[in-house]
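In: Below are the sequence and a predicted model; questions follow.
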Amino acid sequence: MKELERAIEERGSVLADGVLKVDQFLNHQIDTSLMINIGKEFVKRFQDCKITRVLTIESSGIAPSFMAANELDVPLVFARKKQSLTMTDDVYTSSVYSFTKQETNKITVSKNFISPGDHVLIIDDFLATGHAAIGLTEIVKQAGATVAGVGIVIEKSFQGGREKLEEKGFRVESLARIQSLKNSKVTFLEETLI
Ligand code: G4P
Ligand code: NA
Ligand code: NA
């Protein structure tokens, strides 16, 4: 997605450890008009999938998912990283290892918000090693629902997350695919530039 690649190039910065900082439009300050276009692009790519629900994980997955869910006219559910005091319902849970934080966190979704008949589109802001996305697919599986696909705003293609998801049979659509962040330079995979 050209507009997103331009935002990454012009408003993103590469941190020394292979991390892309996009606080300017995605992870802290949010560019709402870019989010609207991101939502529309996800809808375009998954329009054949009969999606009944969008699932993401708090916090940075919510903005791009919101726009997609709104366009699809389906509910948006976000997995929680911390157990909420008011969340007394039965829950689906999955353990997600964070490679940047080097810790395992439990993510939870109330059983009220995913049902066996659902076709769930999973969306997240970043795909790195893929643990978060796989955790979300496990929650969908526990619900007896179907994963319609995985939509990612920014894929770091050098960290293996896509391969893990595709091995499990999931379709992955990433709006920007980054081949390398070496020498503080963002290089996109060529096919995303076509
Ligand atoms: P993984 O799930 O794909 O394996 O990635 P990882 O454990 O590294 O993810 C930890 C957090 O860091 C996630 O957000 C993920 O979206 C984010 N992340 C991973 N790589 C990058 C990167 O290069 N740049 C930025 N900005 N974020 C990255 P989170 O901790 O859950 O935070 P949030 O959703 O509350 O913002
Ligand atoms: Na994040
Ligand atoms: Na995230």
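Out: Looks like it came in fine. Ligands and ions are numbered 1, 2, ... in the order given.
In: Tell me the secondary structure of T100, please.
Out: coil (DSSP: H, G, I helix; E, B strand; the rest coil).
In: my read: it touches F126, true?
Out: No: under the criterion of C-beta atoms under 8 Å, T100 is not in contact with F126, lying 9.6 Å apart. Every C-beta, even on glycine, is put in place using the N, C-alpha and C of the backbone.
In: Who has more neighbours out of these two?
Out: A direct count of neighbours by other C-beta atoms under 10 Å for T100 and F126 places F126 higher, at 23 against 11.
In: Wait, a helix at that one?
Out: No: applying three-state DSSP, one finds F126 to be strand, outside a helix.
In: helix or strand for the residue lying closest to it once chain neighbours are set aside, which one?
Out: Ranked by C-beta to C-beta, 6 or more residues apart in numbering and with sequence neighbours excluded, the top spatial neighbour of F126 is I154, at 5.4 Å. Secondary structure assigned from DSSP states H and E places I154 in strand 146-156.
In: Mind giving me the packing neighbours of that strand?
Out: helix 2-11, helix 32-45, strand 119-127, helix 131-142, helix 161-167, strand 172-180 (3 or more C-beta pairs under 8 Å, 6 or more residues apart in numbering; DSSP states H and E).
In: Put together CSV for the ones you listed, with distance to L189 and mean pLDDT on each row.
Out: Below are those laid out as CSV (distance: least, C-beta to C-beta, whole Å; pLDDT from 0 to 100):
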stretch, distance to L189, mean pLDDT
helix 2-11, 11, 98
helix 32-45, 16, 98
strand 119-127, 13, 98
helix 131-142, 18, 98
helix 161-167, 10, 98
strand 172-180, 4, 97
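In: want to throw the ones you listed into CSV with distance to ligand 1?
Out: Shown next, in CSV, are the helices and strands packed on strand 146-156 (distance: least, C-beta to the nearest ligand atom, whole Å):
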stretch, distance to ligand 1
helix 2-11, 10
helix 32-45, 14
strand 119-127, 3
helix 131-142, 3
helix 161-167, 5
strand 172-180, 8
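In: Pick the most buried one from these.
Out: strand 119-127 (a mean of 26; mean count of other C-beta atoms under 10 Å).
In: contacting residues for the closest residue in space to G61 that isn't next to it in sequence?
Out: Spatial nearest neighbour of G61, chain neighbours left out: D124 (4.6 Å); criterion: C-beta to C-beta, 6+ apart. Listed by C-beta atoms under 8 Å, 6 or more residues apart in numbering, the contact set of D124 reads 56-57, 60-61, 132-133, 136, 150-153.
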